[in-house]
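**Q** Here is a sequence with its predicted model. Questions after.
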Protein chains: 2
Amino acid sequence: MPKRRASPKWRSGCPLNASVEILGDRWSLLIIRDMMLRGFRSYKEFLESYEGIATNILADRLQKLIAHGIITTEPDPSDGRKLIYSLTAKGIDLAPVLTEMVLWAAAHEETDNRPLVLQMQKDKEQFLAAIRHRWAEQTARST
Amino acid sequence: MPKRRASPKWRSGCPLNASVEILGDRWSLLIIRDMMLRGFRSYKEFLESYEGIATNILADRLQKLIAHGIITTEPDPSDGRKLIYSLTAKGIDLAPVLTEMVLWAAAHEETDNRPLVLQMQKDKEQFLAAIRHRWAEQTARST
DNA sequence: AATCTTACTTGCGAAATGCAAGTGAAAATG
DNA sequence: CATTTTCACTTGCATTTCGCAAGTAAGATT
């Protein structure tokens, strides 16, 4: 495994600042959501997701997520044009962050996807366990 | 209370998307951190915080946080030039989001402020309870 | 062989960011 | 009580990022 200690110089040592520098934009967490909750694994799927990310922005965000060790790629054995994007352990560890952000918005804004929210509210820990379980299965399969 | 249904048109109805549209930039959550964890309440304090936000960006973010109902202002009775910024209930409800972002970065990046992180890890719920308690006290006092 | 998909890249105008230098009102100072 | 500071911002301007439209190259399909 390559060590990445190139220019990870944060504006400050505060852990929240690190998170914000890595994830603080309007798209990165949505890509992670699509992978974590909807099982998206290809460029085309991300491109066609609800919010309509521009193709150059998508390419840029994917590169940054790879650089930060949040996702990885592997060639699709069944189609040489495709790449399969997967969440790393570091990436799946963002599940609690996503969950809290969903719960906050659901509580304070008018949003959709009630079933998801109710599931999170009913038993947060088992919801997170289910996400981690699905990820572990997929990861085991692809190794 | 004024109704705010002016242009809250999100890119999608997904609650995560709403959160990302409100909080997805490099500064908003740091301002909230300063208020929630460090007790900052004035413009000058935010300006002089670790990461060095530019004054025009700070003014812009404060306006947006007010517009989203996350913070409020009141004049300082002891100094006519000052405004006192406070978190609303909606703002203090971001505590779990901040906490998870701190824990994630602390687990996966090299960051400082170990004491804070250890406290969060040791008992997350009581940490959150303490934050809410401090907020309730301050809010009661200023009303 | 021709066409279609997939995962991008390129160009370019518009918007956001960052820095430095104001501004105006209120408070502190001599 | 005139002058200087402090405070909470604005304004200007150069740089960076964003977003849309239009390519492009390699692999798959027909």
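**A** Great, that's in hand.
**Q** Residue A:72: what secondary structure?
**A** strand (DSSP: H, G, I helix; E, B strand; the rest coil).
**Q** gap between it and residue A:41?
**A** Residue A:72 is 11 Å from residue A:41, where distance means Cβ to Cβ, to the nearest Å. Using the backbone N, CA and C atoms, a C-beta is placed for each residue, glycine as well.
**Q** How about residues contacting the longest helix along chain A?
**A** Longest helix in chain A, counting residues (DSSP state H): helix A:124-142. If you take Cβ atoms under 8 Å, 6 or more residues apart in numbering or on different chains as the criterion, helix A:124-142 is touched by A:36-37, A:74, A:84, A:86-87, A:92, A:95-96, A:99, A:119-120.
**Q** Next, the contact list for the residue nearest the centre of chain A, please.
**A** Using Cα atoms, centre = their mean, the residue of chain A that lies closest to the mean C-alpha position is residue A:32, 1.7 Å off. By Cβ under 8 Å, 6+ apart, residue A:32 lies in contact with A:65, A:70-71, A:87, A:91, A:94, A:98.
**Q** So which of those residues is the closest to DNA strand D?
**A** Within the contacts of residue A:32, proximity to DNA strand D (Cβ to the nearest atom of the strand) peaks at residue A:65, which comes in at 13.1 Å.
**Q** So for residue A:139, what pLDDT did the model give?
**A** If you check residue A:139, the pLDDT there is 86.
**Q** For chain A, name the helix or strand with the lowest mean pLDDT.
**A** When each helix and strand of chain A is scored by mean pLDDT, DSSP states H and E, helix A:124-142 comes last, with a mean of 92.
**Q** Burial check on the residue in chain A positioned nearest to DNA strand D, number of neighbours?
**A** Closest contact between chain A and DNA strand D, by Cβ to the nearest atom of the strand, is at residue A:80 (2.7 Å). When neighbours are counted by other Cβ atoms under 10 Å in any protein chain shown, residue A:80 registers 7.
**Q** residues touching residue A:54, list them.
**A** Taking Cβ under 8 Å, 6+ apart as the definition, residue A:54 has no contacts.
**Q** Quickly note the distance from it to chain B.
**A** The gap separating residue A:54 from chain B is 12 Å, by Cβ to the nearest Cβ, to the nearest Å.
**Q** And for residue A:28?
**A** Counting by Cβ to the nearest Cβ, the gap from residue A:28 to chain B is 8 Å.
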